[in-house]
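J.: sequence first, predicted model second:
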Amino acid sequence: MSIRIVAPVLTAEQVVVELLKRADRGDIVSVKAAMDQAREAAPHLLETDEELTEAIVTVATALGLLVAFDLRE
């Protein structure tokens with residue numbers, strides 16, 4: 001039997017923080033783009049689109065970013 005080292009599983013908010021932490025205060029965050037990037041970066045996420053949108057809005061506003069609700073475009 002071999003032992004493998006695995007990375008810790010990130011929560012949805014942690015994934016979003018990693019995606020948005022390099023943005024500058026006042027930048028606009030596309031919910032659609034952020035959601036696509038989060039799903040690509042962390043395919044293990046079980047959150048619904050609504051729950052992931054909430055995480056994006058929460059993190060973005062905490063970082064002083066503006067949010068573009070563009071999911072239906």
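T.: Here it is on my side, so go on.
J.: make it CA atoms for all contacts and neighbour counts henceforth
T.: Will do.
J.: low pLDDT regions in this structure?
T.: Applying pLDDT under 70 to the chain flags the ranges 1-8.
J.: where's residue 22, which helix or strand?
T.: Using DSSP states H and E, residue 22 sits within no helix or strand.
J.: ok, longest helix in the chain?
T.: Taking DSSP state H as the criterion, the chain has its longest helix at helix 49-62.
J.: for it, list the C-alpha coordinates in CSV.
T.: Taking Å, rounded to 0.1, in the frame of the first residue of the first chain, the C-alpha atoms of helix 49-62 are listed here in CSV:
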residue,chain,number,x,y,z
ASP,A,49,-25.5,28.0,-8.2
GLU,A,50,-27.5,30.1,-5.8
GLU,A,51,-25.3,29.1,-2.8
LEU,A,52,-22.1,29.8,-4.9
THR,A,53,-23.5,33.2,-6.0
GLU,A,54,-24.1,34.0,-2.3
ALA,A,55,-20.5,33.1,-1.5
ILE,A,56,-19.2,35.2,-4.4
VAL,A,57,-21.3,38.2,-3.3
THR,A,58,-20.2,37.8,0.3
VAL,A,59,-16.5,37.6,-0.5
ALA,A,60,-16.6,40.3,-3.2
THR,A,61,-18.3,42.8,-1.0
ALA,A,62,-16.0,42.1,1.9
